[in-house]
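Novice: heads up, no residue letters with this:
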């Protein structure tokens, strides 16, 4: 993501695509780091000008486009989304998204997918955050190439961006929910100082997570780490 930011700052042009063969200082939220082996996974950063699309909508639009991309390329039914920005494969972490604002209406969108190797997703203390998986664990042989993924991904981003501009967040939200873990899924949401347990209920019209708490009542989350 740092390379993509530098390229944008040099030229002030969006539409940048940076593909990496490996990474030694990958980062996620909040401040987690991991490493990947050379030529094993999909590691890209896109720099996009999305004037008119709120920052809060972007994680849904991008993650929706990403899962649609992989479903088209792999025909797999084992893919799902986990709020707010993780892609799961058979309920294990296949990839994630990190979005950073770098200019007015311009965002750096980092995407990592485990194609042939599942690196350890580490928190700042060195512990495993979520069980990882690679596509190749289930598809022995064919996995999509980086070029195939980028091409298909841009196609879906353009379609979903047009959908948002025409009809707003509701159809994006509905499509996203159709790929998310089902209503009633047991989960816990961890904030910086506290964790909440319950079952998934819905998303608000702003994309916030609604949890039916184990002790009763409902709670809405604008951010947090979800464990299942």
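Specialist: Right, received. Where do you want to start? Remember, predicted model here, so these are calculated numbers, not experimental data. Residues are numbered from 1 along each chain as shown.
Novice: switch to C-alpha atoms for all contacts and neighbour counts from now on
Specialist: Will do.
Novice: just the strands in this structure please.
Specialist: For the chain, the strands defined by DSSP state E cover 16-20, 26-27, 33-34, 42-49, 79-82, 86-89, 92-103, 106-113, 186-190, 195-203, 209-213, 218-221, 225-227.
Novice: state the mean pLDDT of the fourth one.
Specialist: Yep, that's strand 42-49 we're talking about. Average pLDDT, strand 42-49: 93.
Novice: and that strand, which strands flank it?
Specialist: strand 16-20 (antiparallel), strand 106-113 (antiparallel) (DSSP bridges).
Novice: return the most buried member of those.
Specialist: strand 106-113 (a mean of 22; mean count of other Cα atoms under 10 Å).
Novice: can you tell me which of the strands paired with strand 42-49 the model trusts least?
Specialist: strand 16-20 - the lowest mean pLDDT of the strands paired with strand 42-49, at a mean of 86.
Novice: what residues does that strand touch?
Specialist: 3-4, 7-8, 42-48, 146 (Cα atoms under 8 Å, 6 or more residues apart in numbering).
Novice: and for whichever helix in the chain runs longest, what's in contact with it?
Specialist: In the chain, taking DSSP state H as the definition, the longest helix is helix 146-167. Applying Cα under 8 Å, 6+ apart, the external contacts of helix 146-167 come out as 19, 42, 53, 61-62, 65-66, 68-70, 73, 171-172.
Novice: please repeat the previous calculation with a cut-off of 6 Å.
Specialist: The contact list for helix 146-167 (Cα atoms under 6 Å, 6 or more residues apart in numbering) reads 42, 65, 69.
Novice: please apply the same query to stretch 86-101.
Specialist: Under Cα under 6 Å, 6+ apart, the answer for stretch 86-101 is 78-81, 85, 107-114, 131-134.
Novice: which of the contacts of strand 16-20 count as buried?
Specialist: Listed as buried from the contacts of strand 16-20 are 4, 7-8, 42-48, 146; burial here means 16 or more other Cα atoms under 10 Å.
Novice: circling back: the longest helix of the chain: how far from the chain's middle?
Specialist: Here helix 146-167 is found 14 Å from its chain centre; the criterion is Cα atoms, centre = their mean, to the nearest Å.
Novice: now stretch 212-224
Specialist: Distance, centroid of stretch 212-224 to centroid of chain: 22 Å (Cα atoms, centre = their mean).
Novice: how about that stretch: buried residues?
Specialist: Within stretch 212-224, the residues that count as buried by 16+ other Cα under 10 Å are 212-213, 224.
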